[in-house]
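> let me see the structure of the following:
(chains A, B, C and D)
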There are 2 protein chains.
Amino acid sequence: MALRHAVLAALLDGELSGYQLAKAFDMGVANFWHALPQQLYTELSRLERDGMVAGREVVQDARPNKRLFRVTDAGQAELERFASAAAKPSFIRDDLLVKVQAADSVSTGPLIEQLTERAEFAEAKTALFEALLLKMRDGLGEDEFLKYGERIGPYLTCRRGLEFERGNRDWCRRTAQVLRERAHTSEASRVRS
Amino acid sequence: MALRHAVLAALLDGELSGYQLAKAFDMGVANFWHALPQQLYTELSRLERDGMVAGREVVQDARPNKRLFRVTDAGQAELERFASAAAKPSFIRDDLLVKVQAADSVSTGPLIEQLTERAEFAEAKTALFEALLLKMRDGLGEDEFLKYGERIGPYLTCRRGLEFERGNRDWCRRTAQVLRERAHTSEASRVRS
DNA sequence: GCGTCATACTCAAGAATATGAATAGTCATT
DNA sequence: AATGACTATTCATATTCTTGAGTATGACGC
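Predicted coordinates:
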């Protein structure tokens, strides 16, 4: 029962279809909670069954029909309950960190490659988040927006996402650099030191 | 098959029992991969069955006996294979971020409390990681250690952990501050603006 | 007129992860 | 002398997440 609240929180921004929700989750923009489309459709069905979201069919002619969902009062109450309950500690799960942990006993070539790739990915996400923040505050200064804006939840979580991706980018670059330099320095000289 | 590699990577530091491994994972120090003791015991059994780790019984008199595990050649080969394969993108899963996403439509009191608590937790982890880094490089300067040190994997991942927790701490503090300031600014004045 | 991409969604099976409960001895505190 | 905390591990069950496949329509470029 955790994806549930992420979906509810995402739907606060307005009505969304399962498909749109899936895109938002894929971006990682909405909630910094990862989920595949199938999970979201399943969760939306469950939420509707439990009366926490309400869906309405929207007929489209140029595309397949879709169902837009909105949070009901019961859903809102559930969010309130969730927000007041103790939070579980967060955790990262990252293949790349596991690989770097083992860096001393595996070939560093592929590692450097993956770190470089990840750094680029993080850089792209950084740019995306920056643009998103700018768009959300819509001309206002950050301080002003945070004081008087009407919808700051997504803005605040996006700020965390931005810092996280900057951290990722920097760490990946530095780590790749360290591994590259050690590849130059020969094994022999390392042992001698 | 993902916890598997985290366990193998953690065991590179030396022989560990399931219990010790569980503590390392609980700290989040070892791999930045979250797992409960039960999962680790199960995974160790599987790894032993598959010949990737070898366990030996250690008889203790003041305590229950334990089994220490080390990585075998097959385990090492599996790690090598894993490190060369493409990494899945990382993701954070954080209740607190979901709650802040919904900040505009839930009571902010409990949120501020949880953010403050989390900031303190992150601060404590920051201090822990800093001490750990200092201990790992054992007197050497960072650059020197990273060039000539023999075991830099855990050091590099710890650096990421440190930056992550610093980011957490700062974001939690700033976010709590924003919510506190908005609590002062009345709802009425916000709507007027 | 063909392949490919984007929209929009569903179903099933399997792997991974989380939860809850037990066992059992030692040590320190109240 | 009872209570709780730490070491050390196991078993069973439940939930969640991932993987893979499948359906259908229309738009776009070549």
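
> need the contact list for residue A:179.
Counting by CB atoms under 8 Å, 6 or more residues apart in numbering or on different chains, residue A:179 touches A:103, A:108, A:111, A:112, A:115. For glycine as for every other residue, the C-beta is placed from the backbone atoms N, C-alpha and C.

> same question but for residue A:182, I mixed them up
A:108, A:190, B:146, B:147, B:152.

> so of the contacts of residue A:179, which ones are in helices?
A:108, A:111, A:112, A:115 (DSSP state H).

> in this structure the second one contacts residue A:103, no?
Yes - the pair residue A:111 / residue A:103 is scored as a contact, 6.1 Å apart, by CB atoms under 8 Å.

> which one of these two has more residues nearby?
A direct count of neighbours by other CB atoms under 10 Å in any protein chain shown for residue A:111 and residue A:103 places residue A:103 higher, at 26 against 22.

> ok, the more buried one touching residue B:151?
No - with contacts defined as CB under 8 Å, residue A:103 does not count as touching residue B:151, sitting 9.2 Å away.

> domains of chain A?
The record's domain split for chain A, according to automatic domain parsing, is A:3-84, A:95-192.

> hang on, the earlier thing: among the contacts of residue A:182, which ones are buried?
Neighbour-count burial (16 or more other CB atoms under 10 Å in any protein chain shown) applied to those gives A:108, B:146, B:147, B:152.

> ok, which stretches of chain A are strands?
Counting by DSSP state E, the segments of chain A that form strands are A:16-17, A:53-58, A:66-71, A:91-93.

> just put those in CSV and tack on distance to residue B:36 and mean neighbour count.
Converted to CSV, the strands of chain A look like this (distance: least, CB to CB, whole Å; neighbours: other CB atoms under 10 Å in any protein chain shown):
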stretch, distance to residue B:36, mean neighbour count
strand A:16-17, 34, 20
strand A:53-58, 31, 14
strand A:66-71, 32, 18
strand A:91-93, 12, 18
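
> any chance of those strands in TSV, plus mean pLDDT and distance to DNA strand D?
TSV is the format used below for the strands of chain A (pLDDT from 0 to 100; distance: least, CB to the nearest atom of the strand, whole Å):
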stretch	mean pLDDT	distance to DNA strand D
strand A:16-17	95	13
strand A:53-58	94	15
strand A:66-71	96	11
strand A:91-93	80	8
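
> is it possible to export the ones you listed to a markdown table including distance to residue B:159?
Output for these, formatted as a markdown table (distance: least, CB to CB, whole Å):
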| stretch | distance to residue B:159 |
| --- | --- |
| strand A:16-17 | 38 |
| strand A:53-58 | 42 |
| strand A:66-71 | 41 |
| strand A:91-93 | 14 |
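
> tell me how far residue A:100 lies from residue B:156.
Distance of residue A:100 to residue B:156, given as CB to CB, to the nearest Å: 5 Å.

> one more: residue A:152?
For residue A:152 relative to residue B:156 (CB to CB), the value is 35 Å.

> and for residue A:102?
11 Å.

> do the same with residue A:139
Distance, residue A:139 to residue B:156, using CB to CB: 41 Å.

> between the two, which is the more surrounded one?
residue B:156 (21 against 8).

> which residues of chain A lie near DNA strand C?
A:17-20, A:23, A:37-38, A:41, A:45, A:60, A:63-67, A:93 (CB under 7 Å from any atom of the strand).

> buried stuff in the biggest helix by length in chain A?
Longest helix in chain A, counting residues (DSSP H): helix A:153-184. For helix A:153-184, burial by neighbour count (16+ other CB under 10 Å) applies to A:153-169, A:171-176, A:178-179, A:182.

> then stretch A:13-27?
A:15, A:16, A:17, A:18, A:20, A:21, A:22, A:24, A:25.

> contacts for it, please.
A:6-7, A:10-11, A:30-31, A:33-37, A:40-41, A:44, A:56, A:58, A:66-70, A:128, A:151, A:154.

> give me the common contacts of residue A:100 and residue B:156.
residue A:175.

> keep only the ones in helices among the contacts of residue A:179 that also lie close to DNA strand D.
Counting by CB under 7 Å from any atom of the strand, no member of those reaches DNA strand D.

> from those residues, which is closest to residue A:80?
residue A:115 (42.0 Å; CB to CB).

> list the contacts of that closest one.
A:96, A:100, A:172, A:173, A:175, A:176, A:179.

> which residue is the nearest non-sequential neighbour of it?
residue A:176 (4.0 Å; CB to CB, 6 or more residues apart in numbering or on different chains).

> surely residue A:105 touches residue B:79?
Yes - applying CB under 8 Å as the test, residue A:105 and residue B:79 come out as touching, 6.9 Å apart.

> more neighbours: these two, which one.
residue B:79 (24 against 16).

> hmm, the more buried one is touching residue B:5, no?
Yes - applying CB under 8 Å, one finds residue B:79 in contact with residue B:5, separated by 6.4 Å.

> okay, and the common contacts of those two?
residue A:102.

> follow-up on the earlier one: rank the contacts of residue A:182 by pLDDT and give me only the lowest.
Ranked by pLDDT, these bottom out at residue A:190, which has 58.
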